[in-house]
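Student: Sequence and predicted structure are below.
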Amino acid sequence: MAEKSTGIKIIANNRKAHFNYFLSDFLECGIALKGTEIKSLRKSACSLNDAYVVIRNGEAELLNMHINPYEQGNIFNHDPLRTRKLLLHKKEIKWLEQQTSRGGYTIVPTKVYFKKGKAKVEIALAKGKHDYDKRETIKKRDIERDMKNGY
C-alpha cells in the first residue's frame, strides 16, 4: 500500500469511524512513541478501533490506540493501550478544544501512516450519525458495489 510519489505508507485505517461519524476538518499530526512502538508500527501491527482523542492540560492525547508489543522487545516493551501524546501546535489544540466544547463533536483518528520516515496520525472532527444515516450509508455502498459488478 505504499504510494511512491508522495512517500506515504499507510499502516492503519479507521473504517469504523467513517461509518459511525460524519467527518470534517482533517489534521495531520505527529505522535510521541517509544522505541519498541515504532518498530511494531513498521511491521503494521496497530489498530485504531475505539481510539479517540482528548485534550487535557493543553495537550492532545490519543487513547485506546492498540500497538502490538514488539516481539524482541523483552523488558523494554510498551503497554499496548497506553496514552500517547499528539504533536500539534498550540493554536490547533485550542481550535480543536473550542470545536469539541460546542457539543456533539469529538475527535477521532482516521489513519496512521509513515510520511518521509516519520509516524503521523490523521485526526478529524466527528459528529455522530443516527441509525437512519448509517442505513443510508449501507444502501449507497451496496448500490455502488452492484454498479461496479454490472448488476
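Tutor: Noted; the coordinates are in hand. Quick caveat: nothing in here was measured; it's all calculated off a predicted structure. Residues are numbered from 1 along each chain as shown.

Student: so who does the residue nearest to the spatial centre of the chain touch?
Tutor: Nearest to the mean C-alpha position of the chain, by Cα atoms, centre = their mean, lies residue 109 at 2.4 Å. Residues near residue 109 by Cβ atoms under 8 Å, 6 or more residues apart in numbering: 14, 17, 48, 51-53, 62, 65, 121-123. C-betas here are computed from N, CA, C, even on glycine.

Student: would you put the C-alpha positions of the helix or strand hosting it in PDB?
Tutor: For residue 109, the host element (DSSP states H and E) is strand 105-115. Provided in PDB are the C-alpha atoms of strand 105-115 (Å, rounded to 0.1, in the frame of the first residue of the first chain):
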ATOM      1  CA  TYR A 105     -18.300  16.900  18.300                       C
ATOM      2  CA  THR A 106     -15.500  14.500  19.200                       C
ATOM      3  CA  ILE A 107     -12.000  14.000  17.700                       C
ATOM      4  CA  VAL A 108     -11.200  10.600  16.200                       C
ATOM      5  CA  PRO A 109      -8.100   9.300  14.500                       C
ATOM      6  CA  THR A 110      -8.700   8.200  10.900                       C
ATOM      7  CA  LYS A 111      -5.300   7.000   9.700                       C
ATOM      8  CA  VAL A 112      -1.800   6.100  10.900                       C
ATOM      9  CA  TYR A 113       0.900   6.300   8.300                       C
ATOM     10  CA  PHE A 114       4.600   7.000   7.700                       C
ATOM     11  CA  LYS A 115       5.500  10.100   5.800                       C
END
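
Student: For that strand, buried residues please.
Tutor: 105-114 (16 or more other Cβ atoms under 10 Å).
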